[in-house]
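1. no sequence for this one, just the structure:
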């Protein structure tokens, strides 16, 4: 298992590629769980860019290990969730 690193208060942008042959028909949903276990504390923005590319953007507000859970057609994608280690970053004091 790997952990991506991030800074609190800075926007995180991911591109998720869903291959139609493997994924079928559906939409992407993402849940970011903060270190306190809150699922609704961070609202990711999800946008479909092409038939198989989705952009996900979110801004972690607190330090600690976050869990990025990605779903397609209501089911978790392989290797999800993704741990993200968030540390103090520029602009984080505005959220403390």
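-> Everything's here; your move. Everything numeric here is computed off the predicted structure, so don't read it as measured data. Numbers count the residues shown, from 1 in each chain.
2. okay, now residue 54: neighbour count?
-> 20 (other C-beta atoms under 10 Å). (Glycine included, C-beta is placed from N, CA and C.)
3. what about it, which SS state?
-> On the three-state scheme (DSSP: H, G, I helix; E, B strand; the rest coil), residue 54 is labelled strand.
4. all numbers from here: first residue = 800
-> Let's use 800 as the start, then, which means that last one is residue 853.
5. beta partners of residue 856?
-> Beta-bridge pairing of residue 856 under DSSP bridges involves residue 812, residue 844.
6. if I pick it, what's in contact with it?
-> Counting by C-beta atoms under 8 Å, 6 or more residues apart in numbering, residue 856 touches 810-813, 843-844, 846.
7. where is pLDDT lowest across those residues?
-> In terms of pLDDT, the lowest of the contacts of residue 856 is residue 813, showing 68.
8. picking that back up, would a markdown table of the contacts of residue 856 with neighbour count and distance to residue 856 be doable?
-> Converted to a markdown table, the contacts of residue 856 look like this (neighbours: other C-beta atoms under 10 Å; distance: C-beta to C-beta, whole Å):
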| residue | neighbour count | distance to residue 856 |
| --- | --- | --- |
| 810 | 12 | 6 |
| 811 | 19 | 7 |
| 812 | 9 | 5 |
| 813 | 17 | 8 |
| 843 | 17 | 7 |
| 844 | 12 | 5 |
| 846 | 10 | 8 |
